[in-house]
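1. Pasting a predicted model and its sequence here:
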Amino acid sequence: MRLNVRMNDSNLYAKILGLRKPWRVLTITVSEALKTITVFIGPEPGSRLRCPHCRQICPGYDSRARRWRHLDTCEYQTWIEADVPRVQCPEHGCVQVGIAWAGSHSRYTKKFEMMVLDWLRETTILAVSRRLGLSWSAIDGILRRAVTRGIDRRRVANDAHICVDEVAFAKGRDYVTIVSSAQRVLAVEDGRAAESLRRYFKVLGRKRCERLESVSMDMSGAYIKAALDSLPDAREKVAFDHFHVAKALSEAVDNTRKSELHRVDYGLRREIHRSRYDWLRRGTHLSDFGRERMQALSVSLLDTAMVWMLKEKAREIWHTGYHPRQSAKTWQVWIQAARQTGITALRGVANQIEARLWGILNAMRLRVSNARAEALNSQIRAMRVKARGYRNKARFMLGILFHYGKLNMAH
């Protein structure tokens, strides 16, 4: 059913803006040359004005002209103008009365800001700037206010399991620390030093730190130090992810293959180079051709074959599951076997595993991993590429919270 309602321009914009008493539309002007519509609004004569903080009726003090950009009307830029009164409150002093259509420090209406945020979720700041004719500073202000609203509304996380990882702000030059749960980014801290993670634990508070059941991280000495300093029973909660152990072993395989490559017959070098990805794969993921090629080359790559075999054995230990008495013993046997090979790259990984064995056993016992954090890291890198890099670290950190913090940023 269609209802035909007659409405003049003033009532139309009053409805669009959601104006309530004492506010009303005074006049509307249209500039065809500038392609703009300006809507002038003001309070009704004799209306009672209230302090925005205590809602007490107060005498008027003066008024100030304000101007806000609103959603376009039929491709005409729409602007709202008003002389906003200030009142003299006995408790809060001289303050501006509250306005429903815009934030107190914004030059844009709430609906316009929400449209900008919707666009930013889909495209880059550059595209939004070109499409809406906004400066980067203006967009940054809208984004910053939205993220601040979301953080103010969000309670301190009570997640039992968290992950810690770092992501590069610029290629290998500067980093930020990301603390996340399975659902969202919890915090973004500057740098990747012990103090970066320590700041998060300080905000979390001792009681919430005590409630944490696991903190999954890589084997970074800085993060370990921060956890041991700030987290109660840290040696029972810090878990070193399987991904980082597997990565270290894969690097040991690759480095051993490269070192042996220069000692084998020249005619085999091309075939060894072609097999480089086969040595990095799991045994269960090898094709028949890849497995046969590795077996044929193992005669010439004895050290590489040994490292690969021990890499597979370490994976088997991890995926067998945690056994309170057996797991530590099994890892110690593996460490001794790795050292006895005399292979430099493998001995280095064995030393690292022995030093961090307590955290590896925690990861097996608690069945936690940094997989979510690594996936998030990839998404953040894609965000950085999409934006063609960030010159400002503060905007980079803001972007991470905006896209992955799952904040309630509505007005």
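-> Arrived safely, thanks for sending.

2. where are the low-confidence patches of the stretch 1-150 of the chain?
-> Across the stretch 1-150 of the chain, the ranges flagged by pLDDT under 70 are 1-7.

3. any chance you could map the helices in it?
-> Assigned by DSSP state H, counting those that start in this stretch, the stretch 1-150 of the chain shows helices spanning 9-17, 110-122, 125-132, 136-153.

4. Need the three-state assignment for residue 225.
-> helix (DSSP: H, G, I helix; E, B strand; the rest coil).

5. ok, now which ones touch it?
-> With contacts defined as C-beta atoms under 8 Å, 6 or more residues apart in numbering, residue 225 is in contact with residue 194. (Glycine included, C-beta is placed from N, CA and C.)

6. Can you list the low-confidence ranges for the stretch 151-300 of the chain?
-> 156-157, 172.

7. at 80 instead, please
-> 155-158, 170-173 (pLDDT under 80).

8. Tell me which stretches of it form helices.
-> According to DSSP H, counting those that start in this stretch, the helices that the stretch 151-300 of the chain contains are 194-204, 206-211, 221-230, 234-237, 242-261, 269-274, 276-280, 288-297.

9. which secondary structure elements does the shortest one contact?
-> If you count contacts as 3 or more C-beta pairs under 8 Å, 6 or more residues apart in numbering; DSSP states H and E, helix 234-237 packs onto strand 214-217, helix 221-230, helix 357-366.

10. Indicate which one of the helices of the stretch 151-300 of the chain is closest to residue 35.
-> helix 194-204 (47.7 Å; C-beta to C-beta).

11. Mind listing what's buried along the closest one?
-> 194, 196, 197, 198, 199, 200, 201, 204 (16 or more other C-beta atoms under 10 Å).

12. Same list, the helices of the stretch 151-300 of the chain, but as TSV with distance to residue 353 please.
-> Shown next, in TSV, are these (distance: least, C-beta to C-beta, whole Å):
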stretch	distance to residue 353
helix 194-204	22
helix 206-211	27
helix 221-230	14
helix 234-237	16
helix 242-261	7
helix 269-274	27
helix 276-280	19
helix 288-297	24
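
13. Tell me which of the ones you listed approaches residue 394 most closely.
-> helix 194-204 (15.0 Å).

14. What lies in contact with the closest one?
-> In contact with helix 194-204 (C-beta under 8 Å, 6+ apart) are residues 156-157, 164, 176-177, 179, 186-187, 189-190, 209, 222-223, 225-227, 229-231.

15. so of the helices and strands packed on helix 234-237, which one's packed in deepest?
-> Of all these, strand 214-217 carries the top mean neighbour count, a mean of 26, counting by mean count of other C-beta atoms under 10 Å.

16. what lines up beside that one in the sheet?
-> strand 161-170 (parallel), strand 238-240 (parallel) (DSSP bridges).

17. which one of these lies closest to residue 63?
-> strand 161-170 (45.0 Å).

18. one step back: may I see the helices and strands packed on helix 234-237 organised as a markdown table, with distance to residue 168 added?
-> Formatted as a markdown table, these follow (distance: least, C-beta to C-beta, whole Å):
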| stretch | distance to residue 168 |
| --- | --- |
| strand 214-217 | 17 |
| helix 221-230 | 15 |
| helix 357-366 | 24 |
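
19. closest one to residue 75 among those?
-> Evaluated over the helices and strands packed on helix 234-237, closeness to residue 75 peaks at strand 214-217, with 51.0 Å, by C-beta to C-beta.

20. CA atoms only: put stretch 184-196 into CSV for me.
-> Only the C-alpha atoms of stretch 184-196 are listed here, as CSV (Å, rounded to 0.1, in the frame of the first residue of the first chain):
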residue,chain,number,x,y,z
ARG,A,184,39.0,-10.0,17.2
VAL,A,185,42.0,-7.7,17.7
LEU,A,186,42.2,-6.8,21.4
ALA,A,187,45.0,-4.2,21.3
VAL,A,188,47.7,-2.7,19.0
GLU,A,189,50.9,-1.6,20.7
ASP,A,190,53.8,0.3,19.2
GLY,A,191,57.0,-1.7,18.7
ARG,A,192,57.8,-5.3,19.4
ALA,A,193,59.9,-4.9,22.6
ALA,A,194,59.0,-6.3,26.0
GLU,A,195,57.5,-3.0,27.0
SER,A,196,55.0,-3.3,24.1
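
21. chain center to it: distance?
-> 10 Å (C-alpha atoms, centre = their mean, to the nearest Å).

22. likewise stretch 222-239?
-> The gap between where stretch 222-239 is centred and where its chain is centred comes out at 22 Å by C-alpha atoms, centre = their mean.

23. mind listing what's buried in the helix or strand hosting residue 379?
-> Here residue 379 is covered by helix 371-386, with elements defined by DSSP states H and E. Residues of helix 371-386 classed as buried: 372, 373, 376, 377, 380, 383, 384 (neighbour count, 16+ other C-beta under 10 Å).

24. mind checking how far the fifth one is from residue 188?
-> Spelled out, it's residue 380. 10 Å (C-beta to C-beta, to the nearest Å).

25. Now list whatever residues contact both of the two.
-> By C-beta under 8 Å, 6+ apart, the residues touching both residue 380 and residue 188 are 178, 400.

26. which one of the helices of the stretch 1-150 of the chain lies closest to residue 90?
-> Using C-beta to C-beta, the nearest of these to residue 90 is helix 136-153, at 27.7 Å.

27. got a list of contacts for the closest one?
-> Under C-beta under 8 Å, 6+ apart, the answer for helix 136-153 is 103, 105-108, 113, 116-117, 120, 125, 128-129, 395, 398-399, 401-402, 405, 407-411.

28. Show me which positions of it end up buried.
-> Buried-residue list, helix 136-153, by 16+ other C-beta under 10 Å: 138, 139, 140, 141, 142, 143, 145, 146, 147, 149, 150.

29. Farthest-apart pair in those, please.
-> For the buried residues of helix 136-153, and using C-beta to C-beta, no pair is farther apart than 138 and 150, which are 19.2 Å apart.
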